[in-house]
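>>> can't give you the sequence, but here's the structure:
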């Protein structure tokens, strides 16, 4: 199916473009054409979605129910859990329905809506990771001034500003998508309406599309990632000055796992965008996108809660109150 449509993906000349109507629907890439594999993917995706939603909901409920966790770090963690639930809910339910219905068609308006929501929540995830890294930097490197630096009003302000910034970025993507002219019945080389793949379908010169992709990667990827790595560099420097080797190993274990989430999220997201700009295999790009759309939201509750003694203690206190 993808091969038959590839011949339609050639952009028309100026005379033909005058009579070209905007595309009414897209075809999403199928996970597999094998019926047996489709059943396996259906079970895996449904299980991962339920684990992600329930795990992140548990974090939100625990943080809001226990007064000991009413701190900036856990405020940002519950905010990250909320955006993770929203992020995975923009892509995976549609994939599950597509497998059951054997229909991979999505309308043009539905594609723009999915892309807009996806961009809002994936960018919010990125900003939460950046703010959480700054919060840990302030707590470890400036412990005496931590309460002054991370005031509740500043925490709410950071969350609100990050939402507005990402809403603006998502609308910029939508305006770019509306500006370009598409051909009829094209297949998107991903499992959802991936913004980078939509740009590849656009009838525009390649340098323009590449410039847009690189600009998005720099603004939404490398700049926040630089701030995160700077924060963790300062944190590691402070940890190395600890006199206790046990304290060092515990700190490295905690922050090492958090840094692995950052690398997985940003690494797969940036790799997905750059792969689309470099015309890498669509299947490889789609697999990379699963890293930050499915696996990271699922792993976050395990990394930020099961390895966190404060969350475990809060769960124990809540359990005792109910018993």
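Received, thanks. Here the structure is a predicted model, which is why all the values come from computation and not from measurement.
>>> so how far is residue 292 from residue 149?
Distance, residue 149 to residue 292, by CB to CB, to the nearest Å: 29 Å. Backbone N, C-alpha and C define where each C-beta goes, glycine included.
>>> the two: which is more packed in?
Taking neighbours as other CB atoms under 10 Å, residue 149 and residue 292 compare with residue 292 leading, 22 against 14.
>>> wait, a helix at that one?
Yes. Counting by DSSP: H, G, I helix; E, B strand; the rest coil, residue 292 is located in a helix.
>>> spatially central residue for this structure, please.
residue 122 (3.4 Å; CA atoms, centre = their mean).
>>> show me where the stretch 101-250 of the chain has strands.
Ranges of strands in the stretch 101-250 of the chain, per DSSP state E, counting those that start in this stretch, are 105-107, 186-188.
>>> out of the ones you listed, deepest packed?
Highest mean neighbour count of the strands of the stretch 101-250 of the chain: strand 186-188, a mean of 21 (counted as mean count of other CB atoms under 10 Å).
>>> which strands and helices sit next to it?
helix 2-6, strand 25-28, helix 195-201 (3 or more CB pairs under 8 Å, 6 or more residues apart in numbering; DSSP states H and E).
>>> centre of the chain to it, how far?
Here the centre of strand 186-188 is set off from its chain's centre by 22 Å, with CA atoms, centre = their mean, to the nearest Å.
>>> which of the helices and strands packed on strand 186-188 comes out lowest on mean pLDDT?
The weakest mean pLDDT among the helices and strands packed on strand 186-188 belongs to helix 2-6, with a mean of 40.
>>> picking up where we left off before, lowest average confidence across the strands of the stretch 101-250 of the chain, which one?
strand 186-188 (a mean of 76).
>>> mind telling me what element the closest residue to residue 194 other than its chain neighbours is part of?
The spatial neighbour of residue 194 that comes closest, neighbours along the chain excluded (CB to CB, 6 or more residues apart in numbering), is residue 289 at 6.0 Å. Here residue 289 sits within helix 282-290, counting by DSSP states H and E.
>>> just checking, next helix/strand downstream of that helix?
Following helix 282-290 in sequence, per DSSP H and E, is helix 296-301.
>>> model confidence for residue 266, exactly?
On the pLDDT scale, residue 266 gets 75.
>>> is it located within a strand, as I assumed?
No. Read with three-state DSSP, residue 266 is helix and lies in no strand.
>>> so the residue nearest to residue 194 sits against residue 190, correct?
Yes. With contact defined as CB atoms under 8 Å, residue 289 reaches residue 190; the gap is 5.9 Å.
>>> what are the ranges of the helices in the stretch 101-250 of the chain?
108-141, 146-149, 152-179, 195-201, 206-217, 223-240, 245-277 (DSSP state H, counting those that start in this stretch).
>>> quick check: closest non-adjacent residue to residue 63.
residue 78 (4.2 Å).
>>> list the residues that contact the one you found.
59-60, 63-64 (CB atoms under 8 Å, 6 or more residues apart in numbering).
>>> hang on, the earlier thing: which residues touch the residue nearest to the centre of the chain?
87, 269, 292-293.
>>> by neighbours, which of those wins?
Of these, with other CB under 10 Å as the count, residue 293 tops at 27 neighbours.
>>> ok, for that one, nearest residue in space, not its chain neighbours?
residue 91 (5.2 Å).
>>> what is the burial count for that neighbour?
With other CB under 10 Å as criterion, residue 91 counts 25.
>>> hmm, it is touching residue 118, no?
Yes. Taking CB under 8 Å as the definition, residue 91 is a contact partner of residue 118 at 6.5 Å.
>>> need the residues touching each of these two.
192, 293.
>>> point out where the stretch 201-323 of the chain drops to low pLDDT.
Applying pLDDT under 70 to the stretch 201-323 of the chain picks out residues 201-210, 212-214, 216-217, 220-221, 245-254, 257, 270-285, 306-307, 322-323.
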